[in-house]
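1. Provided below are the primary sequence and the corresponding predicted coordinates.
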There are 2 protein chains.
Amino acid sequence: MSFEEFTPLNEKSLVDYIKSTPALSSKIGADKSDDDLVIKEVGDGNLNFVFIVVGSSGSLVIKQALPYIRCIGESWPMTKERAYFEATTLRKHGNLSPDHVPEVYHFDRTMALIGMRYLEPPHIILRKGLIAGIEYPFLADHMSDYMAKTLFFTSLLYHDTTEHRRAVTEFCGNVELCRLTEQVVFSDPYRVSTFNRWTSPYLDDDAKAVREDSALKLEIAELKSMFCERAQALIHGDLHTGSVMVTQDSTQVIDPEFSFYGPMGFDIGAYLGNLILAFFAQDGHATQENDRKEYKQWILRTIEQTWNLFNKRFIALWDQNKDGPGEAYLADIYNNTEVLKFVQENYMRNLLHDSLGFGAAKMIRRIVGVAHVEDFESIEEDKRRAICERSALEFAKMLLKERRKFKSIGEVVSAIQQQS
Amino acid sequence: MSFEEFTPLNEKSLVDYIKSTPALSSKIGADKSDDDLVIKEVGDGNLNFVFIVVGSSGSLVIKQALPYIRCIGESWPMTKERAYFEATTLRKHGNLSPDHVPEVYHFDRTMALIGMRYLEPPHIILRKGLIAGIEYPFLADHMSDYMAKTLFFTSLLYHDTTEHRRAVTEFCGNVELCRLTEQVVFSDPYRVSTFNRWTSPYLDDDAKAVREDSALKLEIAELKSMFCERAQALIHGDLHTGSVMVTQDSTQVIDPEFSFYGPMGFDIGAYLGNLILAFFAQDGHATQENDRKEYKQWILRTIEQTWNLFNKRFIALWDQNKDGPGEAYLADIYNNTEVLKFVQENYMRNLLHDSLGFGAAKMIRRIVGVAHVEDFESIEEDKRRAICERSALEFAKMLLKERRKFKSIGEVVSAIQQQS
């Protein structure tokens, strides 16, 4: 079987493909033995096929992008090139944060296929862990490290402008995935759209209120412009709690197919926003045995620690590299501790406000938009779910409008507590 | 003579080139007659060779970029590709504002050569007219029209994001010219640099004060990030009063070789900032016969009219095209007059503040940076020049730090009057 042209694979044809690809077969012993490979398709995401392949001496994951959105079908075409951007970013972010990004063994642009490390059990999707009420002691440490390194080293704090514009040009190619985000995050929730859905009838008025809130529409337009126009760093582009796999001591960030050069706050906000959604969903998962109060406090501590550790690490990278190749803040202009501290504080305050804005937008779209989150969807009783969703929605609307008033993440956490 | 490869032209070889290029020879009758062409090299700018060519039935200008900065020489290499970006933008902006951009007859990428309309006398460089104290009754009308059309129609108010990212990608190629601006506008004035010069000894302390002003350095860093990261519209990139040629009823914008997808405010600010420089230079050109007071008022009226007309026309284009292809403010979200007015006011307020910031930065660099302006340089007496420059510098520093306090251009004009 030849793979010179794009061929969607299934369990059977995948074996031929692996056997004909040394970078893959050598990883799992398929090059030396004819033992059967155990292959299982597990793609529960919306876009691609994902196969777990276990051989005699190892395992790996094969991810293949099809020329359409998988969960909708050929009626919603989507470029296979997203696999190229996913592989490129996995490698780039993997070099910067190797402990928190699965290694890429092989990429085949024609087949839109990536072969990478299999994150074996007990790794689970973080979102599922948050629903189950599991604490992850290293989560804040790992995620702040991942975000600090991937965002700092791909920004003008570390790039010169020649390298930055070269990289921006390359990722302008991921425009189709960006347009999907522009539609489902920045547009549809604020207008009547056949794609929108919400817990009806309970949230009918709430969804209508979003569509009629001029102040909200003003803020979302500014964030949309920043998303479309500002090439600040190579961002993951879809950094929600479904793009993170965890164990008690491992945190791995996956699925960067939406990556492009955009605002840093979009990644930080997506991640923190989804932690806040997890917080507001907890009351819907409370039982007689476990009222989830303690777990809610753990989530709030994780939100606070994640930002504060990120802030500390990002500034530390900045200080370490202030005489490096970056051209945003030249060392002979920002040439004393006082002026450097002054501009760093301003930079981080702006980044916090961007993150809060994007986080709020990501929350709103998960409640009144097309794609919802399991945190709420797994609350079976409509009324109970709607109460949780409404708290989250009200908080997100306030956060989007008033984000610039918050001086610290601690103030945000206090506001979450007041809302719940 | 073959022009298959890049060949710097002189008066003699240019004749061969024109004769071998129908798009040029037909414009000036060189295709039908062997009469001598009258050719004169007039490039007074810093970067290129510019020839005026007059034939039996017409005239044209030939502009050729050399692989280095002309006024410095081969020690400062500079890509010839700038001619491609200049020709592309002349055509693009020319389509949008045909009355105010010279027509391009021919472009030869290999030769880095543009053949375009010759702006015959009495056209003169606007800066020279401002030094001479000449009023131009249509200047505000023409420049506001040019800026409104070129900036609106190349932004996401008129582009969809696919077209926008395609265009952004193309102009990321003009990175060398952007780097020149990043150095001379956003970096050198704020550090010790062999390129910097100022009216010494009078402004020694003033230049030092710029290099030691933390608040100024904070603001210039934010503007530099916006310049390097924000792809808002196809901007001219060097829109000072030396890039505009005028007669009493004609206004033509030339030399867009620094063009790229950047912040709109950089163009508006460069132009208004250079008008403010012209204002502060007038006292240095006052004579017994003409104290220039009336002319200073004309300049202030022109500044105010330019922004207010721009604002009016930009919003009118927005209203006319609100159901068009633009994706920044979708019509079914910004679906009533009230919310549209609300977001337009916010957009224009932000654009005014961006413009004031960039205008201030362009003023500062012309007083303590590498390339100064004839408005001041033509004031022969050092002390007298320094007094004018200091007023302009003090005003620009205040403007850069406090730009967000100004609610209208009228308030800016009042502040200029207080400073002078």
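-> Cool, got the structure. The model shown is predicted, which means the values in this text are computed figures rather than measured ones.

2. Direction included, what does whichever strand or helix holds residue A:53 pair up with?
-> Secondary structure assignment for residue A:53, by DSSP states H and E: strand A:48-54. As defined by DSSP bridges, the strand partners of strand A:48-54 come to strand A:38-41 (antiparallel), strand A:59-65 (antiparallel).

3. would you list the ones you listed in a markdown table and tack on mean pLDDT?
-> Below are those laid out as a markdown table (pLDDT from 0 to 100):
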| stretch | mean pLDDT |
| --- | --- |
| strand A:38-41 | 92 |
| strand A:59-65 | 96 |
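
4. Reformat those as TSV; add mean neighbour count.
-> No exception for glycine: its C-beta is placed from N, CA and C like everyone else's. Below are these laid out as TSV (neighbours: other CB atoms under 10 Å in any protein chain shown):
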stretch	mean neighbour count
strand A:38-41	14
strand A:59-65	22
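
5. Tell me the gap between the strand holding residue A:53 and the middle of its chain.
-> Computed by CA atoms, centre = their mean, to the nearest Å, the chain-centroid distance of strand A:48-54 equals 20 Å.

6. Check stretch A:314-325 too.
-> Centroid displacement of stretch A:314-325 relative to its chain, using CA atoms, centre = their mean, is 25 Å.

7. do stretch A:350-366 as well
-> Centroid displacement of stretch A:350-366 relative to its chain, using CA atoms, centre = their mean, is 13 Å.

8. Just the buried positions in it, please.
-> By neighbour count on 16 or more other CB atoms under 10 Å in any protein chain shown, the buried set for stretch A:350-366 is A:351-366.

9. Check stretch A:222-229 too.
-> Quick answer for stretch A:222-229 (16+ other CB under 10 Å): A:222, A:223, A:224, A:225, A:226, A:227, A:228, A:229.

10. pLDDT wise, what is the second one at?
-> With respect to pLDDT, residue A:223 scores 98.

11. secondary structure element for it?
-> helix A:214-229.

12. Could you list every helix and strand that that helix packs against?
-> Applying 3 or more CB pairs under 8 Å, 6 or more residues apart in numbering or on different chains; DSSP states H and E, one finds that helix A:214-229 contacts helix A:175-184, helix A:337-368, helix A:382-402, helix B:337-368.

13. The second one vs chain B: in contact?
-> Yes: among the residues of helix A:337-368, A:338, A:339, A:342, A:343, A:346 lie within reach of chain B under CB under 8 Å from any CB of the partner chain.

14. Residue A:388 touches residue A:381, doesn't it?
-> No: between residue A:388 and residue A:381 there is no contact, the gap being 10.4 Å when judged by CB atoms under 8 Å.

15. Compare the two and say which is more crowded by neighbours.
-> residue A:388 (23 against 9; other CB atoms under 10 Å in any protein chain shown).

16. Please dump the buried residues of stretch A:222-229 into a markdown table; it should also carry distance to residue A:305 for every row.
-> Formatted as a markdown table, the buried residues of stretch A:222-229 follow (distance: CB to CB, whole Å):
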| residue | distance to residue A:305 |
| --- | --- |
| A:222 | 29 |
| A:223 | 25 |
| A:224 | 30 |
| A:225 | 31 |
| A:226 | 26 |
| A:227 | 27 |
| A:228 | 32 |
| A:229 | 32 |
